[in-house]
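J.: 3D, please:
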Amino acid sequence: MAEPLAALISMPRPQIIEAGEGVGLATYTWGDPDAPVVLLVHGFASSTRDNWVLTGWARALERAGYRVLGIDQRGHGASEKPRRPEDYTMRTLAGDIEQVLDTYLVDEALYLGYSLGARVGWEVLRDLGDRVPRAVLGGIPDGRPLERLDVAEVRAYLADGTPVADPATRDYIALTERVPGNDLDVMLALALGMRGEARTIDPDPVTAPAQPILFATGSEDPIIDGSRRLADASPHGSFFEIPGRHHFNAPGSKAFRDAALEFLGG
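T.: Take a look at the predicted model:
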């Protein structure tokens with residue numbers, strides 16, 4: 001008998017841990033505490049629930065025998081939402097991931113990140129080495145972070161509701177407003193924080209992580225060529241093209257989920 005939908009998308013109570021500058025991060029766990037750990041890190045303007053639970057990932061990973069550990073990145077979900085750009089540097093976001101692993105006493109974890117979570121994952125893989133032996137990085141672009149976001153148009157929209165003309169910026173605003181609890185001011189601070197240090201956080205193929213990495217990007221996603229370049233440059237990189245998906249609906253792809261599960265178990 002099929003399980004009720006409510007059971008499939010139910011969320012455990014968030015456990016709040018303190019990260020850098022005293023920011024509270026909401027974390028969630030599923031599965032056997034002694035099982036191998038998979039860490040889930042969501043994308044821009046998303047959350048653990050939106051990116052990984054409603055799309056079936058958390059349930060599938062638990063059924064595959066993993067202990068699943070999810071995090072709402074700062075500024076998202078049930079985590080605290082600082083409003084200053086300097087609270088959202090890549091070093092800070094990557095440090096949050098390390099703090100989560102330390103707090104949960106996790107010595108080794110597989111990593112699964114999408115979009116912003118994949119950008120953070122690139123840094124985490126380089127920082128933590130053998131502690132993260134394998135990763136799936138979905139929807140990771142090369143180039144300047146959130147480059148397609150027109151900051152001036154977002155500010156005008158926030159100030160007086162001025163209509164946004166740039167299509168990519170409209171998409172980012174729609175993505176932010178789609179998820180309950182999101183704050184566009186906070187998302188703008190995050191974008192400014194990341195873009196302000198763009199020269200130091202772009203994925204640099206010269207310093208690609210050495211671990212096995214599955215890069216996965218939708219066939220309809222404009223960033224797909226950049227994702228392929230990163231996969232080609234990684235010593236142990238492979239690439240999966242998510243059929244018929246663009247950047248914002250790729251996490252819901254069963255083909256993506258199946259490919260990731262097979263890779264993580266390799």
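
J.: and residue 68, what helix or strand is that in?
T.: In this assignment (DSSP states H and E), residue 68 forms part of strand 67-71.

J.: Residue 105: neighbour count?
T.: 6 (other C-beta atoms under 10 Å). Quick note: C-beta positions are derived from backbone N, CA and C, even for glycine.

J.: Next one: it from residue 37, what distance?
T.: Distance from residue 105 to residue 37, counting by C-beta to C-beta, to the nearest Å: 10 Å.

J.: helices or strands next to the helix or strand hosting residue 96 in the packing?
T.: In this assignment (DSSP H and E), residue 96 forms part of helix 90-103. Under the contact definition 3 or more C-beta pairs under 8 Å, 6 or more residues apart in numbering; DSSP states H and E, helix 90-103 sits against strand 15-18, strand 24-30, strand 37-41, strand 67-71, helix 116-128.

J.: tell me the phi and psi of the closest residue in space to residue 184 that isn't next to it in sequence?
T.: The shortest distance from residue 184 to any non-neighbouring residue, by C-beta to C-beta, 6 or more residues apart in numbering, is to residue 176 (5.2 Å). Backbone torsions of residue 176, given as degrees, to the nearest 10, read phi -60, psi -40.

J.: Tell me, what's the model's pLDDT at residue 176?
T.: With respect to pLDDT, residue 176 scores 92.

J.: Pretty sure it sits against residue 182.
T.: Yes: assessed by C-beta atoms under 8 Å, residue 176 is found in contact with residue 182 at 4.8 Å.

J.: Quickly list what's touching both of those two.
T.: By C-beta atoms under 8 Å, 6 or more residues apart in numbering, residue 176 and residue 182 have these common neighbours: residue 45.

J.: Any regions of the protein where pLDDT drops low?
T.: Scanning the chain for pLDDT under 70 picks out 1-9, 143-145, 197-202.
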